[in-house]
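Visitor: When you get a sec, could you give me coordinates for this:
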Amino acid sequence: SFFELMVLMAFCYFKQEAVDVAIIEVGMGGRLDSTNVITPVLSVITNIGLDHIQFLGTSLPEIAREKAGIIKPQIPVVVGEFSPHTASVFEETAASRNTQLYFASQQYALLNACLKDGLQELTLQQAEGIITYRIDLLGSYQRQNLITALSALNLLSNTFAIPPEHIHSGLANVTGTSGLQGRWQELAQRPLVVCDTGHNREGLAYVVESLRQLKAPKYHLVLGLVNEKNAEEILGLFPPSAQFYLTRANIPRAMELARLATAARTLHLSFTEQESVAEAVQNAREHAEPNDVIFIGGSTFVVADALAAFKP
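Guide: Down below sits the predicted model:
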């Protein structure tokens, strides 16, 4: 497949460049994923949602079993979120492979979160006491991601020397250091234009929570999905009073507008249809008032098209 070819190319490149550390993200699932040929120094599983159910299973325990396939004998594993639906799967797999299992959400507790000088300021309770981190990734879901990353870094400190000041500096400069785009990225002001690559029910639930916190007079939502998604379920997550601009990314996997429109009618949403993401964004900007909020998302590919076409 395309993904397997890209994994092979990446591994060859990492070897050629003699990288010191590589962070390898699974493409889908884990047990049968092409990235799973490696033996890592640490495995990390973020959260479990009902995604890719045609391949991974139709229940959370079934999907967790596929994700648990990256757990290796005697290699520690961090699971980001504790869930009673999936915890036993990870516990049984870790025990069978004689490895240590850590639930990040049991290692840290979030005490306070606020925005300060354009950064998220998060105060955590951890075993060593109370500590504050500042991160330049603004989505509310980054709070759980931070806890997962800190749990991983804590374990990696047994293998690598990672000074605390480097952790603080790295978290405050993620986008500048990595070039990461599309994660609750603000593209313009008045009206505020935000994009996010969240694309499944669990990820988009965090996005909608962040949107609601903005308390905008009206939301304008530029949304497109890929074929395998449940359009009615995804559209139903967003505020029903919003104006929807339904579109499709310029890829074969993009969901047809007719199918998106059918779901929107079923939910009694107010919507228009645009064949391209650029047209949809332009339409939203023409109709939004200065205090409104425009959101672009539903698919990584929609965000990619928007970033390619966006002019402040």
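Visitor: in the stretch 51-200 of the chain, which spans are strands?
Guide: Under the criterion DSSP state E, counting those that start in this stretch, the stretch 51-200 of the chain contains strands at 77-79, 101-103, 109-116, 119-126, 129-135, 185-188, 192-195.
Visitor: could those strands be laid out in TSV, adding mean pLDDT, mean neighbour count and distance to residue 242?
Guide: For glycine as for every other residue, the C-beta is placed from the backbone atoms N, C-alpha and C. Shown next, in TSV, are those (pLDDT from 0 to 100; neighbours: other C-beta atoms under 10 Å; distance: least, C-beta to C-beta, whole Å):
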stretch	mean pLDDT	mean neighbour count	distance to residue 242
strand 77-79	97	26	34
strand 101-103	96	20	36
strand 109-116	89	11	23
strand 119-126	92	17	25
strand 129-135	94	14	28
strand 185-188	92	16	18
strand 192-195	96	22	13
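Visitor: Which one, of the ones you listed, ends up nearest to residue 257?
Guide: strand 192-195 (19.7 Å; C-beta to C-beta).
Visitor: Mind checking what helix or strand follows the closest one in sequence?
Guide: Remark: after strand 192-195, the chain's next helix or strand is helix 201-213, criterion DSSP states H and E.
Visitor: Dump the strands of the stretch 51-200 of the chain to CSV, plus distance to residue 249.
Guide: Formatted as CSV, the strands of the stretch 51-200 of the chain follow (distance: least, C-beta to C-beta, whole Å):
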stretch, distance to residue 249
strand 77-79, 32
strand 101-103, 36
strand 109-116, 30
strand 119-126, 29
strand 129-135, 28
strand 185-188, 17
strand 192-195, 12
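Visitor: my read: residue 77 touches residue 102, true?
Guide: Yes. The criterion here is C-beta atoms under 8 Å, and residue 77 meets it with residue 102 at 7.2 Å.
Visitor: Can you give me the buried ones in stretch 12-32?
Guide: Buried residues in stretch 12-32, defined by neighbour count with 16 or more other C-beta atoms under 10 Å: 24, 26, 27, 29, 30.
Visitor: so the first one is in which element?
Guide: Taking DSSP H and E as the criterion, residue 24 maps to no regular element, lying outside all helices and strands.
Visitor: Report the contact partners of it.
Guide: Contacts here follow C-beta atoms under 8 Å, 6 or more residues apart in numbering; on that basis residue 24 touches 35, 38, 40.
Visitor: Ranking by neighbours, what's the top pick from those residues?
Guide: Of these, residue 35 is surrounded by the most neighbours, 18 neighbours in total, counting by other C-beta atoms under 10 Å.
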